[in-house]
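Enquirer: okay, here's the prediction I keep looking at, along with the sequence it came from:
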Amino acid sequence: MTDTTQFLDARKLNCPLPILKAKKTINGMKPGETLKILATDPGSVRDFEAFANQTGHKLLESTESNSEFHFILEKS
């Protein structure tokens, strides 16, 4: 498990809200800081992979546990 700098609870939010909230949070962070996101929207797995590819931020972790999706992004 990676230590995280920021935390975002995006559970019970549907696309595109988890990505929009993550983008807003990560924009206020410094390069190298990490953001942990919890989501319940199954589409968020694909969305966060695409978000990382498009923005250059690193998707360090993408896991699922009890119908919750956990992501850790590192700001580039």
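Expert: Okay, I see it.

Enquirer: just want the phi and psi numbers for the residue of the chain positioned farthest from its centre.
Expert: Distance to the chain centre peaks in the chain at residue 66, reaching 17.4 Å (criterion: C-alpha atoms, centre = their mean). Dihedral pair for residue 66: phi 50, psi 50, per degrees, to the nearest 10.

Enquirer: same question for residue 46.
Expert: Note on residue 46: its backbone torsions stand at phi -70, psi -40 [degrees, to the nearest 10].

Enquirer: the strands in this structure, which residues?
Expert: In the chain, the strands defined using DSSP state E lie at 6-10, 34-39, 58-65, 68-74.

Enquirer: out of these, deepest packed?
Expert: With neighbours taken as mean count of other C-beta atoms under 10 Å, those reach their highest mean count in strand 34-39, at a mean of 22. In this view, the C-beta of every residue, glycine as well, is placed from N, C-alpha and C.

Enquirer: Provide the strand pairings for that strand, with the direction of each partner.
Expert: strand 6-10 (parallel), strand 68-74 (antiparallel) (DSSP bridges).

Enquirer: contacts for that strand?
Expert: Outside of strand 34-39, the residues within contact range by C-beta atoms under 8 Å, 6 or more residues apart in numbering are 2-11, 13, 18, 22, 25-26, 29, 44, 48, 60, 68-75.
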